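Make a model of this:
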Amino acid sequence: MGLYRTVKRRKTRSRRRRKNKFWKKTFVTGALLGGGIYFVQKTLEETSSSGQQTVIMDITDAAGKFTSQVNKGFEEIQIKDDTPLIDLSRTNSANILLTNLKSGDVLAEKNSNVQLYPASLTKIMTALVAIEMVDDLDKEVVMIPDYFEGLFEQEASVAGFLEDELLSFRDLLYGAILPSGADACLAIAYSLAGSEAEYVSLMNQKAVELGLSKTHFSNVTGLHDPQNYSSAEDLTSLLKYALDNPDFYQVFTTVEYSTEPTNFHADGVQMFNSIFRHGEEYPKFSDFVIGAKTGFTEEAGLCLATLAEINGESYILITAGAGAQENGPDYVEILDPLHVADATMIYSQVEKIHERSKINVNE
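The predicted model follows:
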């Protein structure tokens, strides 16, 4: 019995101790919780009396990461990690640079300062130099045989002009940018500088003037040559400068163009920017992009320079190196427009960022 009573008393005392600890913990927790509730209520009352509104919410960035947002009459966003807002992990292009046209801010980049082959993005400089040299873009040019020499053998793209056809410099500019016509580029070079080599010298002088340190041109067409190179960074600077010229801007942002009737084409020469033919496959591309220049060689891969407008903001995107084949066959049929897929993916993320930024903290 004595042993039983001793054990029972010990158990009873133990239970009492546990009860006392429980009530002490409950009291402390309740006090802390009550104080916390009072502090939050007091904060809300003070905020309300000052005419401001406190909003606490979670938003998701373009990469699917969560961020905390606390607003007291202004917007403050704190990113929990270093994940970029624009995710480039699934892109096909080896070189990418996305910038805000007005501010110059870089939103995303991938090997943007690495040397690349620009292919027909070269024609941006070809057109720019011509615009700055010609006082009257309606001045006429006769297409002579020299402007077509070797283009068929090199499988170069052409605008569709004919020998002895009478065209304007304006027509040649559209021919160089929209259908990426090598015939138009050679006509510009010979007409303004006497030869392609002399015109290329003018292009390189302009590159130096613009501070394009990783750029050198060896031709006006972008046909592959190891000495014809640039970088996404330099091409962005070039395009940004060129778009400040209203004539270049007009050409670059035109989708379809027709020349006046010529001595060979009674209805004029019809030209169309072929990049927009992918509208059915990538409808969002046409929603974003208002101007574009394409490029392709086996060594350069698919290249693309675009100007896009999203919610009132303008962006320049340079992509290059998609599907490049250093030792590929003589001819590659492009079945999958990887450059269009990349541009659509990137601009879609920009659009989502704009949508998430439209949080009215005063509602």
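
Number of residues surrounding residue 153?
Close neighbours of residue 153, defined as other Cβ atoms under 10 Å, add up to 7. C-beta coordinates here come from the backbone N, C-alpha and C atoms, glycine included.

what's the answer for residue 356, then?
16.

And the strands in the stretch 51-200 of the chain?
Remark: strands assigned in the stretch 51-200 of the chain by DSSP state E, counting those that start in this stretch are 54-60, 66-72, 77-79, 95-100, 106-110, 140-142, 166-168.

if I pick residue 114, what's in contact with it?
94-95, 231-232 (Cβ atoms under 8 Å, 6 or more residues apart in numbering).

ok, which pair from those is furthest apart?
94 and 231 (11.5 Å; Cβ to Cβ).

which residues do the two both contact?
Common neighbours of residue 94 and residue 231, using Cβ under 8 Å, 6+ apart, are 114, 116.

Those two: which is more packed in?
Higher neighbour count among residue 94 and residue 231: residue 231, with 23 against 18, using other Cβ under 10 Å.

Give me the nearest residue to that one, chain neighbours excluded.
Distances taken as Cβ to Cβ, 6 or more residues apart in numbering place residue 214 nearest to residue 231, at 4.1 Å, with adjacent residues excluded.

Also residue 213?
The shortest distance from residue 213 to any residue other than its chain neighbours is 7.3 Å, reached at residue 234 (Cβ to Cβ, 6+ apart).

unless I'm mixing things up, the one you found is touching residue 208, no?
No. The criterion here is Cβ atoms under 8 Å, and residue 234 misses it with residue 208 at 11.4 Å.

More neighbours: which of these two?
Remark: of residue 234 and residue 208, residue 234 carries more neighbours, 25 against 11, as counted by other Cβ under 10 Å.

Please tell me the pLDDT value assigned to the more buried one.
Looking at residue 234, its pLDDT stands at 98.

Next: residue 144.
Here the pLDDT value assigned to residue 144 is 97.

what's the spacing between it and residue 160?
Between residue 144 and residue 160 the distance is 16 Å, computed by Cβ to Cβ, to the nearest Å.

which residues touch stretch 88-108?
For stretch 88-108, contacts defined as Cβ under 8 Å, 6+ apart pick out 84-86, 109-112, 114, 116, 231-233, 235-236, 240, 243, 301-302, 307, 313-324, 338-339, 341-342, 345-346, 350.

Let's see that with 7 Å instead.
84, 86, 109-112, 114, 116, 232-233, 236, 240, 313-324, 338-339, 341-342, 345-346, 350 (Cβ atoms under 7 Å, 6 or more residues apart in numbering).
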